[in-house]
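> Sequence first, predicted model second:
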Amino acid sequence: MIAGPSVFRVSPAYQPLMRMIGLDAEAVFDRPDIRVWRKLPDRENCTLDVDLPDGRHIRLHIKRYVSADAATPEVQGQRLLTDHAIPTAPLVGWGTHTGKSFTIFDDLTSYTPADKLLEAGTPFDLLLDPTAALAAKLHASGLHHRDLYLCHFMTKLDDGIVDLKLIDTARVRNLPGFLTRRRWIVKDIAQFIYSTHAHPINDAQRSAWFAAYARHGGTSGIEAAAARKVRSIARHDARINTRRPERNVSIPS
């Protein structure tokens, strides 16, 4: 719907819900029950919790950007994933208001970031093959993520079955041409491997992850290049975490 300077595009399945809770482009920025849990120079990460008349409780994840075109990569990245049948969070809507932009995603109820599951004691061996398979499918589909850390693998465990969804769609892009394609794949894999070092995961398990990634169709022979990139990421994170500790705030439970 369009009203003056505001634009609010809602996925058809969520239009009745938006009418029910009275959420429009203006309300995204001034509704008092929208909770900001992380504030960065370019955006705010927010949640909106609503109890519906039928007894259901819903949570929506809202990003509010300071510029009118900043939400576009997130919407485009979500479409790239869904077009290639890579599981991700449902996009509720997106739009602009008074020179700013926003996205709204549905909550992945019962899903938990993979790093949080590991912190809680879930063995990495349970996640090893599924995460490797999803990373391989991403790259075999001609896509890369640019932020492929464990925290962006949303995970649901059901009687030993692992269900994954990849989030942070603003980082998703088409892989470039032949000359730089491998570099971006190595960067993705290095980010994943780097994030495993915060958990009780050994080198043998990491090698098994590389083998599973290649077995599922990922790029083989990149362990040495990924190891070099891991060291580079570690140095970069040490610098940036000192300057911007707020960047590592977790999604609220």
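Here it is on my side, so go on. Quantities reported herein were computed from a predicted structural model and do not represent experimental measurements.
> Specify which residues of this structure, grouped into ranges, have pLDDT under the cut-off.
Low-confidence segments of the chain (pLDDT under 70): 1-4, 241-253.
> can you pull out the helices in it?
15-21, 25-30, 72-83, 114-119, 124-140, 178-196, 203-215, 223-243 (DSSP state H).
> and of those helices, who's closest to residue 164?
helix 124-140 (5.2 Å; C-beta to C-beta). Quick note: C-beta positions are derived from backbone N, CA and C, even for glycine.
> tell me which strands and helices that closest one is in contact with?
In terms of contacts (3 or more C-beta pairs under 8 Å, 6 or more residues apart in numbering; DSSP states H and E), helix 124-140 is packed against helix 114-119, strand 153-158, strand 161-166, helix 178-196, helix 203-215.
> Make TSV out of these and add distance to residue 137.
Shown next, in TSV, are these (distance: least, C-beta to C-beta, whole Å):
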stretch	distance to residue 137
helix 114-119	16
strand 153-158	12
strand 161-166	10
helix 178-196	12
helix 203-215	10
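> between these, which gets nearest to residue 31?
Residue 31 sits nearest to strand 153-158 of all the helices and strands packed on helix 124-140, at 25.3 Å, using C-beta to C-beta.
> Parallel or antiparallel, list what pairs with that closest one.
Strands adjacent to strand 153-158 in the sheet, as given by DSSP bridges, are strand 112-113 (antiparallel), strand 161-166 (antiparallel).
> out of these, which comes closest to residue 85?
strand 161-166 (11.7 Å).
> and the residue lying closest to residue 45 once chain neighbours are set aside, how many residues sit next to it?
Closest residue to residue 45 apart from its sequence neighbours, by C-beta to C-beta, 6 or more residues apart in numbering: residue 38 at 4.2 Å. As a burial measure, residue 38 scores 16 neighbours (other C-beta atoms under 10 Å).
> From what I see, residue 38 and residue 61 are in contact.
No. Residue 38 is not in contact with residue 61 according to C-beta atoms under 8 Å; the separation is 11.3 Å.
> Mutual contacts of the two, please.
residue 45 (C-beta atoms under 8 Å, 6 or more residues apart in numbering).
> still on that earlier bit, make a markdown table from the helices of the chain and add mean neighbour count and distance to residue 156 to it.
Listed next are the helices of the chain as a markdown table, based on neighbours: other C-beta atoms under 10 Å; distance: least, C-beta to C-beta, whole Å:
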| stretch | mean neighbour count | distance to residue 156 |
| --- | --- | --- |
| helix 15-21 | 14 | 22 |
| helix 25-30 | 18 | 28 |
| helix 72-83 | 17 | 17 |
| helix 114-119 | 20 | 10 |
| helix 124-140 | 19 | 11 |
| helix 178-196 | 18 | 19 |
| helix 203-215 | 16 | 20 |
| helix 223-243 | 13 | 27 |
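> and the spatially closest residue to residue 88 that is not a sequence neighbour, how far is that from residue 181?
Nearest residue to residue 88 in three dimensions, chain neighbours excluded: residue 81, at 4.4 Å (C-beta to C-beta, 6+ apart). Going from residue 81 to residue 181 by C-beta to C-beta, to the nearest Å gives 18 Å.
> The helices of the chain into a markdown table, with extra columns for distance to residue 96?
Putting the helices of the chain into a markdown table (distance: least, C-beta to C-beta, whole Å) gives the following:
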| stretch | distance to residue 96 |
| --- | --- |
| helix 15-21 | 16 |
| helix 25-30 | 7 |
| helix 72-83 | 10 |
| helix 114-119 | 33 |
| helix 124-140 | 29 |
| helix 178-196 | 30 |
| helix 203-215 | 39 |
| helix 223-243 | 29 |
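> Nearest to residue 103, out of those helices?
Comparison of these against residue 103 by C-beta to C-beta identifies helix 72-83 as nearest, at 5.0 Å.
> Many thanks, have a good one.
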